[in-house]
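A.B. asks: fold the following.
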Amino acid sequence: MALPLMSILPGLFRAVRVLGVGGVFGLHLMAQNRPTVSPVPQDRPVAIPAAEAWLAGATLAPEFRVPPTRDAWAERRAEVRATLEGLLGPLPPRPARPAVTTLLREDRSGYRFEKFTFDNGAGATVAGYLFIPSHLRGPAPAVLYCHWHGGQYDVGKDEMLRTNAVPEPAGPALARKGFVVIGIDAYCFGERNGQGPGGPAEKGSAGEMTASKFQLWAGRTLWGMILRDDRMALDYLASRPEVDPKRIGVTGISMGATRTWWLMALDERLRAGVAVACMTRYTDLVREGGLKAHGIYYFVPGMLRHFDTEAVMALAAPRPMLFMTGGRDSGSPVSGIARLEPPIREAYRLYGAEASFESRLYPELGHVYTPEMWERTQAWLERYLRP
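C.D. replies: Residues are numbered from 1 along each chain as shown. Prediction:
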């Protein structure tokens with residue numbers, strides 16, 4: 001784990017580094033699924049010597065490898081998932097179905113809009129939105145939409161009604177295409193901004209820091225609690241009569257993307273996912289000085305003693321998973337993509353499902369969601385969630 005970067009990049013990749021600001025990276029697959037990266041200026045070193053020293057001084061897991069047979073992988077896969085659940089901490093058990101209060105129902109153009117809340121059983125009330133297509137003729141495919149961070153603590157689930165992260169309001173757009181869509185405020189966002197242990201006096205990053213500290217003292221992680229709420233939203237979504245529980249997908253950008261691939265790893269009910277930005281390999285993030293690009297909510301103590309994020313992402317196999325990332329993002333070094341892609345692809349190969357994993361690099365882009373990416377997101381969900 002502490003080897004010099006140039007000695008560990010796969011042979012097909014050139015030495016690359018990230019130039020821009022933001023938090024994206026990526027891997028653009030050619031027609032033959034061969035990854036490619038663009039040349040970049042060599043005006044600074046790829047790795048930071050201090051980071052190498054810190055990595056060398058820590059006890060980190062050896063390189064993660066997918067076993068050569070499906071049976072062996074099934075056993076290892078179960079071990080990885082159990083380890084992840086343990087690292088997130090002893091999270092409070094989820095009820096079989098959240099006790100939901102519907103606050104608003106409103107017919108809009110092409111869909112019905114509902115606002116709801118539920119008690120998460122851990123001291124917090126979670127607010128969310130539901131978008132139900134008009135004129136359904138039976139249970140429909142559905143999407144769990146995970147909002148981003150972006151320092152926009154006041155936005156949260158309202159991202160689904162705006163164009164600040166996605167090129168068009170994602171909730172109405174997907175509902176008009178026939179998907180039932182759900183999204184909630186993550187801890188410290190939207191209606192939960194200022195609802196942490198410090199109360200209304202602590203909002204924004206201060207509230208996020210306090211919430212994280214509290215969860216650590218309680219022996220669990222803020223990240224685990226965020227994912228727990230997402231899974232409660234999924235519980236509710238799957239229980240709705242308008243939804244086919246066998247055709248539920250998940251998507252998001254940035255923090256929403258990281259939520260997406262972690263949820264795909266932990267919950268088999270999710271049948272397809274699309275993650276825009278944040279296909280990050282944590283060790284490479286350290287090497288390239290990118291830890292500052294991610295908030296405190298993001299970190300899981302002890303994880304690198306077991307494996308890096310290729311182990312998490314590989315758990316999605318053989319379910320369809322699309323990553324789209326920009327090459328100029330300090331929060332998702334391209335060098336890490338070179339390490340992530342081969343083991344993930346190997347997991348899909350064991351199931352004969354190579355085409356169900358796709359990872360695209362946009363070399364000149366930063367932490368953005370372009371119209372072309374949005375079209376690909378919708379096409380992926382249509383392809384894999386329709387009957």
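A.B. asks: pull the distance from stretch 281-293 to the chain's centre.
C.D. replies: In terms of C-alpha atoms, centre = their mean, to the nearest Å, the centre of stretch 281-293 is set 17 Å apart from its chain centre.
A.B. asks: any buried residues in stretch 239-255, and which?
C.D. replies: By neighbour count with 16 or more other C-beta atoms under 10 Å, stretch 239-255 contains the buried residues Arg240, Val243, Asp244, Arg247, Ile248, Gly249, Val250, Thr251, Gly252, Ile253, Ser254, Met255. Any C-beta I mention is one placed from the backbone N, CA and C, and that applies to glycine too.
A.B. asks: so the fourth one sits in a strand?
C.D. replies: Yes - note on Arg247: a strand contains this position according to DSSP: H, G, I helix; E, B strand; the rest coil.
A.B. asks: was I right about it contacting Arg383?
C.D. replies: No - taking contacts as C-beta atoms under 8 Å, Arg247 lies outside contact range of Arg383: 11.8 Å.
A.B. asks: run through the helices of this structure in chain order.
C.D. replies: 49-56, 70-88, 170-176, 204-217, 222-239, 255-266, 282-287, 309-314, 334-350, 371-385 (DSSP state H).
A.B. asks: residues contacting the residue sitting nearest the centre point of the chain?
C.D. replies: Nearest to the mean C-alpha position of the chain, counting by C-alpha atoms, centre = their mean, stands Thr258 at 2.1 Å. Contacts of Thr258 were listed using C-beta atoms under 8 Å, 6 or more residues apart in numbering, and they are Ala275, Cys278, Thr280, Tyr298.
A.B. asks: picking up where we left off before, can you redo the buried residues of stretch 239-255 as a markdown table with distance to Ala175?
C.D. replies: Converted to a markdown table, the buried residues of stretch 239-255 look like this (distance: C-beta to C-beta, whole Å):
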| residue | distance to Ala175 |
| --- | --- |
| Arg240 | 13 |
| Val243 | 12 |
| Asp244 | 15 |
| Arg247 | 15 |
| Ile248 | 14 |
| Gly249 | 14 |
| Val250 | 16 |
| Thr251 | 14 |
| Gly252 | 17 |
| Ile253 | 19 |
| Ser254 | 22 |
| Met255 | 23 |
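A.B. asks: buried residues in stretch 197-217, which are they?
C.D. replies: Those would be Gly198, Glu202, Lys203, Gly207, Glu208, Met209, Thr210, Ala211, Ser212, Phe214, Gln215, for stretch 197-217 by 16+ other C-beta under 10 Å.
A.B. asks: tell me the pLDDT at Ile48?
C.D. replies: In this model, Ile48 is scored at 82, pLDDT.
A.B. asks: number of residues surrounding it?
C.D. replies: Applying other C-beta atoms under 10 Å, we find 15 residues neighbouring Ile48.
A.B. asks: wait, doesn't it sit right on Gly290?
C.D. replies: No - counting by C-beta under 8 Å, Ile48 stays clear of Gly290, with 9.8 Å between them.
A.B. asks: identify the residues contacting stretch 314-321?
C.D. replies: Contact with stretch 314-321 is made by 66, 77, 80-81, 261, 264-266, 270-275, 313, 343-344, 346-348, 350-353, 356-358, 380, 383-384, as judged by C-beta under 8 Å, 6+ apart.
A.B. asks: buried subset of those residues?
C.D. replies: Going by neighbour count (16+ other C-beta under 10 Å), those have 66, 77, 80-81, 261, 264-266, 270-275, 313, 343-344, 346-348, 350, 356-358, 380, 384 buried.
A.B. asks: picking up where we left off before, where's the residue nearest to the centre of the chain relative to Pro245, distance?
C.D. replies: Remark: distance between Thr258 and Pro245 (C-beta to C-beta, to the nearest Å) = 24 Å.
A.B. asks: one more: Ala140?
C.D. replies: Using C-beta to C-beta, we find Ala140 at a distance of 11 Å from Pro245.
A.B. asks: same thing with Tyr153?
C.D. replies: For Tyr153 relative to Pro245 (C-beta to C-beta), the value is 32 Å.
A.B. asks: repeat for Tyr298
C.D. replies: 29 Å.
A.B. asks: can you check Val80 too?
C.D. replies: Counting by C-beta to C-beta, the separation of Val80 from Pro245 is 25 Å.
A.B. asks: same question for Glu375.
C.D. replies: 27 Å.
A.B. asks: do the same with Gly207
C.D. replies: 34 Å.
A.B. asks: how about Gly196?
C.D. replies: Gly196 is 32 Å from Pro245, by C-beta to C-beta.
A.B. asks: likewise for Val143?
C.D. replies: For Val143 relative to Pro245 (C-beta to C-beta), the value is 13 Å.
A.B. asks: kindly report the same for Trp223.
C.D. replies: In terms of C-beta to C-beta, Trp223 sits 25 Å off from Pro245.
A.B. asks: next one: Arg305
C.D. replies: Using C-beta to C-beta, Arg305 is found at 36 Å from Pro245.
A.B. asks: for Leu87, same thing?
C.D. replies: Distance, Leu87 to Pro245, by C-beta to C-beta: 28 Å.
A.B. asks: likewise Leu263?
C.D. replies: With distances taken as C-beta to C-beta, Leu263 is found 15 Å from Pro245.
A.B. asks: give the contact list for the closest residue in space to Glu358 that isn't next to it in sequence.
C.D. replies: Among residues not flanking Glu358 along the chain, Leu322 sits closest, at 4.9 Å (C-beta to C-beta, 6 or more residues apart in numbering). Contact partners of Leu322, counting by C-beta under 8 Å, 6+ apart, are Gly273, Val274, Ala275, Glu358, Ser359, Arg360, Arg376, Thr377, Trp380.
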